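Novice: kindly return the folded structure for what I paste below:
(chains A and B)
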Amino acid sequence: MKKIHYSTLLAALMLFSGCKDFLDVKPQGQLTQEAFPTTPADALLATNGIYASLRSWHYHSGGYPILDIMSDDTRKGSNPNDQLSNLEPYDNFTFTTTQDGLDRWWATLYEGIKRANVVIEKVPLITMDTNLRNRYIGEARFLRGLFYFDLVRAWGGVPKVTTTTPPLKLERSTAAEIYALIESDLQFAGGHLPEKSAYNSEDLGRASKGAANALLAKMYLFEKDFMQAEQYALSVVNSTEFYGLEPFFKDANSKLGEHGIESVFEIGAMETEGDVGNQYANTQGVRGTPNRGWGFNRPTQDLRYSFEDGDPRLDATIIDLGEVIDGIEILGDGTTPDITEDEDGNIIEVECYNQKVWIPGTSTNTQFGHNRRLIRFADVLLMAAEALNENNKPSEALVYLNRVRERAREGNTQILPEITTTSKDELRNIILEERRHELALEGHRFWDLLRTGKAAEVLGPLGFVSGKHDLLPIPQNEIDISQGSLTQNPNW
Amino acid sequence: MHKRIPNHNILKLVIVCSLVLLASGGFAQRLIKGNVSAAENKETLPGVNIIIKGTTRGAVTDLDGNFTLEVSATDKTLRFSFTGYEDQEVEIGNASFLTILMKEKSTLLNEVVVIGYGTVRKSDLTGSVSSLKSEDLLKTTASNPMQSLQGKAAGVHVTTTSGAPGAGLSVRIRGVGTLNDSEPIYVVDGVILNDISFLSTNDIASMEVLKDASATAIYGSRGANGVVMIQTNRGKIGQEKTVVSFSSEYGMQRLAKKIDLLSGREFAIISNEIKPGSYNNVDAVPNTDWQDQVFRTAPVQNHQLSVTGASKNMEYYFGIGLFRQDGIVPKSNYQRISVKFNNTYYVNDYVKFGSNLTLSPYEQRNAPNVTYSVYRAQPLLNPYYADGSFGVVYNVGNPLADLAYSNSFNRGIRGVGNLFTEIKLSKHFTFKSSYGLDAGLNKAENFTPAYTIYNPDGTASQQFNEFSDLSKSSSDNYSWLWENTLTYEQRFDKHRISAVGGYTMQKTRSEAIGLAGQNIIRNESDFWYLEPPYILDEANNINMLGGIYNNVDANQFYNMISYLFRANYTYNDRYILTATFRRDGSSKFSEQNRYGNFPSFAIGWNAGNESFIRDIDLISTLKIRASWGKIGNEKITYFDRFARVNSNLMAIFSNPDAAYPGASYGKSGNPDLKWETTTQTDIGIEAGILQDKLTLEADYYYKVTDDILVELSTPGHLGNGQGQKVRYNAASVMNRGLEVNLGWREKIREFSYHIGLIGTTIYNEVQSIGGNSGIDSVLIDGYLGNGIPVTLSRVGLPIGAFYGYQTDGIFQTQAELDAYPHASLAEVGDLRFLDVNKDGKINGFDRTYLGSPIPKFTFGLNIDLQYKAFDLTLDLQGQSGNKIFNGKDAVRPDPYNFEHNVWDRWTGAGTSTSEPKPSFGGYNYTPSSRFVQDGSFVRLRNVIIGYSLPKTITSKMLMQSARVFIKGSNILTLTKFTGYTPEIGSYSVLANGIDNGIYPIAAVYSIGLNVTF
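Specialist: As a prediction, the model looks like this:
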């Protein structure tokens, strides 16, 4: 009897030991990275996945619109205490290497770059239609270029990652090396992407040839390569593609103008909080009644008074208290003073909001549906004008500048007179001023001041220091984590 | 070598003796003879006192244990008593010769202790184990039995994470041994579990906490945070009769302490100082005490009926219990019914089988976190308008409205149990197989109606819900554990060997599914269903069904295979050796790192059995033991090792906007993950002095955990994304300390008492973090509500240490402000921060260590007194050396009410050196030592006064015993902390001791009844 017991026991033990697969538990409902992307359908998924980065709250300069706040166009906004220590330093240039938001922006741009690299590295290995494959890779390279363009403008030379398996330690490349990468990415994209109109309606919003060329033009402006800037800006302006200006300025950013003739590249978003919405507009939405958001990014009095007399764009840029938009009266926030005065009784701030992110409605949810325009045709026209002026073709520049002013005029001949000057310096200033009014609160002003060398003059009184604030500080935690392989920008 | 006889055989002998006696019939005066020996070893006992009950006549046994006594016909019973042995009463009947076996009193060293995969006599135990019996545990009324351990077991630190009904506990055994999950594992009747909230304390017979490596190594990869062994009640063959017991307790809970907040008038005065002209007449403002508005007294009740019994070949226990607690915050409650059935069948002398089953349906209602809004709400706002509608509470929301519109429920059932069989293969070998199962089903339901709270001017306030919301989710989990062990027992001469070897398999699974919708057609609960036609926003033609998910619980999805072995050798009842080994394989690790080995060795010396110690009268028992071993921790998700694809990356294209699926690489995985290993050394002493009147148990432990599985930030350029961390084996932590357990037990005639004192010191230090190139070297956590972190785990500091600016007084004058480095926002009357790095600037680099949330010393004092029919229990518990971060005070984005310390504000040079000029937020609310408070406390955990009804009454009511009691719990707490309770527990070791508005612990006053039939 004893023997039987032992042998059954032994048999049982041996039986259990056979279960080697028992310890092999795979992820449930999720692919592993080795197994993706491997099919044409995967290639589409991977390409779509990059676009999701554009709706990440952090993608938009770390969450809060710090590029506008750092410019002379806006102040922090919301009620006085809200995010005071996080955002006020951007307004008065007292931010530090550990300032809130810098690390979020940095990490999210690189997350987008990784998603782009997945397509750029893996999709060529998939057997599929060559044109479609090139389009996917073109989209990925456009978006990678877009992400690096933010990185290089914000921080200068940064670690250059072009594979899905970068080393843990990576030193900074030079700004020139990053610009060269952006250039090759965007040129590839321009060469392989279809025009906006060649996409099926369900693909409206994908990177297009026009978007790639427009972004290239912008990049060359930053590099002060005005010949190339002119060439690429004009290639968009003169393309067979039907780009144009919305008849009414307010529609350039409105719900009505989404994917319209003026839209060169925009970020699609749906009217709901969560995966498919974009918090960018909620962050800046009207605070209080109606409750459309947090109310950050408050237009300055300086911006308000910089508009030419009667410029209808002022009203379409700033929401004031008491204004009625789409039948909704703006009452604003109870904890925010309507008017803030300094000790001498001068008005330094008035409760008002960014109208360019306005979505008709009274709920917070709908505000998530604003499609942020990253490149609009008006911007391209002004880029063309700027490049032409720099290339000593002022009369050609005036054509594009006045085209923008003409639309802004909306038929009222009493305002916004046609510009006629051909003085290069004068025109340069006029174009910069036009950009301020046309593109206010869209995140361009700070970069424009920097690249045109006007930052010290305009922002100096706010605390800007040349040679320091031209670049943001590398987030301190990135430097700490790199254990010495990342160096800080000068004077930080 | 003496043969041990199992206890039920002794009982049988006694019964047989008694029967013989009864059969002999009775006469007048006659002689009765007998012999008394020890049941344990049959050695005769000289000097045993024999008294004829009810008389003063008696005798004493001679050197050979014999006695002779003259008895009369009226003498019925003999009482035998002897030091160190239990008193025994024997019916005289017709017997002429009595053979009496005296049972040794259960003393320090001859108790039987439950250890992993077996039991051991305490004298043979080489590990450090704290044992608690049912009567110790039952003093505390709580939904979770672990709460009974508060202040009762040395080295065990139990903290409530919230006072909400059914809320969890944080249990730390011997410090904080890891940077991830630091909770121990629970072994209930042999089934390994992560949580025992399903279990009723009334069903528990004993609880042992295994602490050192010798005790825990048998649980290998899961033992590093300690192991709590729980045996539930069972019948016993040979027990005289079926015992039916009933206990019932009903208590009222109330807020034990209110936070001292500003009144309406005081708040108006402070507001006027911050912003002149805010309130024209500070004497005319309302004064609402929001704490009084919200907190209520609420009942808690616990009832239990159980039956314990046995027949010739079967033992059983049946228990049914009801625990119900209403929260002191309305709309919070917890109710659990527990059904317990344990039974064992003896097929023959060799084979037995049985089962231990628990089934616990529960219901929990969760209140929204109004504790925080009560703290913040301005006192000069009225809760209601004149028309009875809810008043607006700026910036916070009206907590009464939050409560009124909250409907949040958890309902579920959990079943835990095992089937087992035990086969005695031979005299020395026993085979045991147990199949355990833990299965649960939980449903969560939340409904918030559409509502709007209006401003006084009739406009909508920020507190509203545009559409009614309904969300539902359900999760199930099941886990099976099959354990097969072979036990070997052998004794010869002075050697005693026991060994156990085994093979176990476990599979654990859990899955969740959920969905949500808006715009439900009616608010009544009858309509709380996600019927697609209802959840349509017809105006916008949007389908409002959303929040859909279906996934597995990554922490509860793994398989394990383990091999275990332990040998215990005792020589001459003096020298003990234990060797333990476990080899665990887990699906959580890649194939190359799949198995981990966990050995331990221990020695013990029962010095008390040496003749030279035995001769010392003072010392009754003495044992010295030492152990060393390695144990593991594997509480990570099953997929940390995989690099996964994130498939939730929508692209939005087309006009109108439409979502298109997208996917891409998620964060990196780490296929090189391996076990986290804790190496622990323990030296202990156990002593009994003055016939074990005084008992002492002391342990020194030193444990270092290496290769800690910790999630670290990675360089941004890897593209893992904002806030995403990757798990590495990349840290080590040391804990060391001293545990002392002192007891004094004495009986003076009808007065008996016991005093127990436990004390534990903890020293915790992070020894390394990171290490690999390109990953963090510090862990930042403890994020407050405004996203600012206040804990930092760094080499040389305790885990989760608080950090921030060190305050250094207040800038009294402009000259002082100018003279010191200060942040740009600082003004006269503001806090002065210490320039820690002395670089002349105040910035992030000046943030410094501000204290640890881990207590340096924890203690408990337990006193039990019994006089005649009365009993009194006093349980005190406390800790010292820890800090609490008052997070609720530090987060002030908007104007909120203040704690009363603000009243002592700075109002001009020299008026205050600690309390700055008032402000509604901003600079002075930068996380600093201003918010770090002393967390030391002494709490009167329980006071119980009981009265047992005399037998004369109980027997008339067919009761064996009956006791009534009154009890007060948490009725007194001495602490400097200004919050509701200094007990601030957290599951996260990195974010511990932060009071972000904790649900208060209630003081409970209750009455109860225990009856046995």
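Novice: so what's the gap between stretch A:273-284 and the chain middle?
Specialist: Chain-centre distance of stretch A:273-284: 14 Å, with CA atoms, centre = their mean, to the nearest Å.
Novice: same check on stretch A:160-175?
Specialist: The offset between the C-alpha centroid of stretch A:160-175 and the centroid of the whole chain comes to 22 Å, using CA atoms, centre = their mean.
Novice: hmm, it touching chain B?
Specialist: Yes - using CB under 8 Å from any CB of the partner chain, stretch A:160-175 comes into contact with chain B via A:Val161, A:Thr164, A:Pro166, A:Leu168, A:Lys169, A:Leu170. Backbone N, C-alpha and C define where each C-beta goes, glycine included.
Novice: list the contacts of that stretch.
Specialist: Contacts with stretch A:160-175, where a contact means CB atoms under 8 Å, 6 or more residues apart in numbering or on different chains, come from A:33, A:110, A:113-114, A:117-118, A:120-122, A:152, A:156-159, A:177-178, A:181, A:482-483, A:485-487, B:665, B:714-715, B:717-719, B:772-775.
Novice: again, only using 6 Å
Specialist: Contact partners of stretch A:160-175, identified using CB atoms under 6 Å, 6 or more residues apart in numbering or on different chains, comprise A:113, A:117-118, A:121, A:152, A:156-159, A:485, B:717, B:773-774.
Novice: now A:Asn117: which helix or strand?
Specialist: When elements are assigned from DSSP states H and E, A:Asn117 belongs to helix A:102-122.
Novice: for whatever helix or strand comes next after that helix, which positions count as buried?
Specialist: The first helix or strand that comes after helix A:102-122 along the chain, using DSSP H and E, is helix A:130-155. Neighbour counts over helix A:130-155 (16 or more other CB atoms under 10 Å in any protein chain shown) mark A:133-155 as buried.
Novice: next helix or strand past helix A:130-155?
Specialist: Taking DSSP H and E as the definition, the helix or strand that follows helix A:130-155 towards the C-terminus is helix A:175-192.
Novice: for the helix or strand just after that following helix, buried residues please.
Specialist: From helix A:175-192 onward toward the C-terminus, using DSSP H and E, the following helix or strand is helix A:209-222. For helix A:209-222, a neighbour-count test (16+ other CB under 10 Å) marks A:209-222 as buried.
Novice: what of stretch A:311-319?
Specialist: Within stretch A:311-319, the residues that count as buried by 16+ other CB under 10 Å are A:Asp311, A:Pro312, A:Arg313, A:Leu314, A:Ala316, A:Thr317, A:Ile318, A:Ile319.
Novice: kindly report the same for stretch B:977-997.
Specialist: Neighbour-count burial for stretch B:977-997, counted by 16+ other CB under 10 Å, picks out B:977-986, B:988-997.
Novice: give me the pLDDT value at the residue positioned nearest the centre of chain B.
Specialist: The geometric centre of chain B, computed from its C-alpha atoms, lies nearest to B:Met146 (CA atoms, centre = their mean), at 3.8 Å. Reading off the per-residue confidence, B:Met146 sits at a pLDDT of 90.
Novice: just to be sure, it is in a strand?
Specialist: No - B:Met146: not assigned to a strand; according to DSSP: H, G, I helix; E, B strand; the rest coil it is helix.
Novice: I'd say it and B:Leu169 touch.
Specialist: Yes - with contact taken as CB atoms under 6 Å, B:Met146 and B:Leu169 are classed as touching, separated by 5.2 Å.
Novice: pull up the overlap in contacts between those two.
Specialist: B:Val158.
Novice: quick check, the residue in the stretch 201-350 of chain A closest to chain B?
Specialist: Among residues of the stretch 201-350 of chain A, the one nearest chain B by CB to the nearest CB turns out to be A:Gly268. It sits 3.3 Å away.
Novice: nice, that's everything, thank you.
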